[in-house]
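>>> here is my input, please return the structure:
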Amino acid sequence: MTGTRSHPNPALRPLRPPPGAGAPSLWYRFMRRFFQATMCALWTVRVFDRHHEPAAGSAVYICNHQSFLDPMLMSFALRRPMHYMARDSLFRLPGFRGLIRSLNAFPVRRGRADTAAIKEAMRRLRAGGQVVVFPEGTRTRDGRIGPFLPGVAVLSQRAADWTVPVLIDGAFEAWPRSQRLPGPGSVVVRYGRAIGRDEARQVRPGEFAARVRAELIALQAETRRRVGRPALQ
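So this is what the prediction gives:
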């Protein structure tokens, strides 16, 4: 897409990350490569503006939710390791529970404000980690970005050094909720400008969450226009 960039943050060298960035484990790196190969074999995936990944400090990534594969899609092109809020039902499967825990996932109860999950996310952020949240709480039913659940702004304003909006578009068309298995498709992942904690604290929590959601909606509209997809009403 004209006017967008796809290179990583130059400060994040693959083998020698700067102090405070945190290095992924060998297992995490292996699985990231595996997901890169799997995603690109399944879909045409384009990633833009990943230079917005902070080189150091904690960060919360606020991402819209289009498919089961969103956690891998939003993070597989980034350099630093991620921590994932995942719905608690996924942790009831013994083998799968061990796998996602090994990739830094932790449970959150869907459809409500989960205080324990928020506290765990804050703990990981204060340790310098990067946490991925899907504040809609569930996959979209029509491709649009739904209302955000409460608690997102708490992470941005109290625990994270940075907040990074992330857009995924095209995954809904390739794998909607009504479809059992994914089909072929073209997916775009775009990262918004990183918002510092001081800037996030300038407004009330609800206003900040609404601002990030509005930014993602605008980013989605622009992205769909650029790649030739119909606008979402």
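>>> partner strands of the longest strand anywhere in the chain, parallel or antiparallel?
Longest strand of the chain, by residue count under DSSP state E: strand 162-169. Its sheet considered, strand 162-169 pairs with strand 59-63 (parallel), strand 186-191 (antiparallel), strand 195-196 (antiparallel) by DSSP bridges.
>>> where's the residue sitting furthest away from the middle of the chain relative to R101, distance?
When distances are taken from the C-alpha mean of the chain, P94 lies farthest, 24.7 Å away, according to CA atoms, centre = their mean. For P94, the distance to R101 equals 11 Å [CB to CB, to the nearest Å]. C-betas here are computed from N, CA, C, even on glycine.
>>> tally of neighbours for Q233?
Using other CB atoms under 10 Å, Q233 has 5 neighbouring residues.
>>> repeat that for V133.
Residues lying near V133 (other CB under 10 Å) number 25.
>>> my guess is it contacts A59, does it?
No - using CB atoms under 8 Å, V133 makes no contact with A59, being 11.1 Å away.
>>> mean confidence for the longest helix belonging to the chain?
Within the chain, and with DSSP state H defining each element, the longest helix by residue count is helix 205-227. In this model, helix 205-227 has a mean pLDDT of 96.
>>> and stretch 94-102, by the same measure?
Averaged over stretch 94-102, pLDDT sits at 93.
>>> so which bits of it are buried?
Across stretch 94-102, burial judged by 16 or more other CB atoms under 10 Å covers I100.
>>> identify the residues contacting that stretch?
Residues outside stretch 94-102 that contact it (CB atoms under 8 Å, 6 or more residues apart in numbering): W27, Y84, A86, L90, F91.
>>> and if you look at stretch 170-184?
Residues outside stretch 170-184 that contact it (CB under 8 Å, 6+ apart) are 42-43, 66-70, 73, 139-143, 185-188, 227, 229.
>>> re earlier: for the strands paired with strand 162-169, which one sits closest to A121?
Between A121 and the strands paired with strand 162-169, the shortest separation by CB to CB is 7.5 Å, and it involves strand 59-63.
>>> output the closest one as PDB, nothing but the C-alphas.
Taking C-alpha atoms only, strand 59-63 is exported to PDB below (Å, rounded to 0.1, in the frame of the first residue of the first chain):
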ATOM      1  CA  ALA A  59       3.500  -2.200  26.000                       C
ATOM      2  CA  VAL A  60      -0.200  -3.200  25.600                       C
ATOM      3  CA  TYR A  61      -1.300  -4.000  22.100                       C
ATOM      4  CA  ILE A  62      -5.000  -3.300  21.500                       C
ATOM      5  CA  CYS A  63      -6.200  -5.300  18.600                       C
END
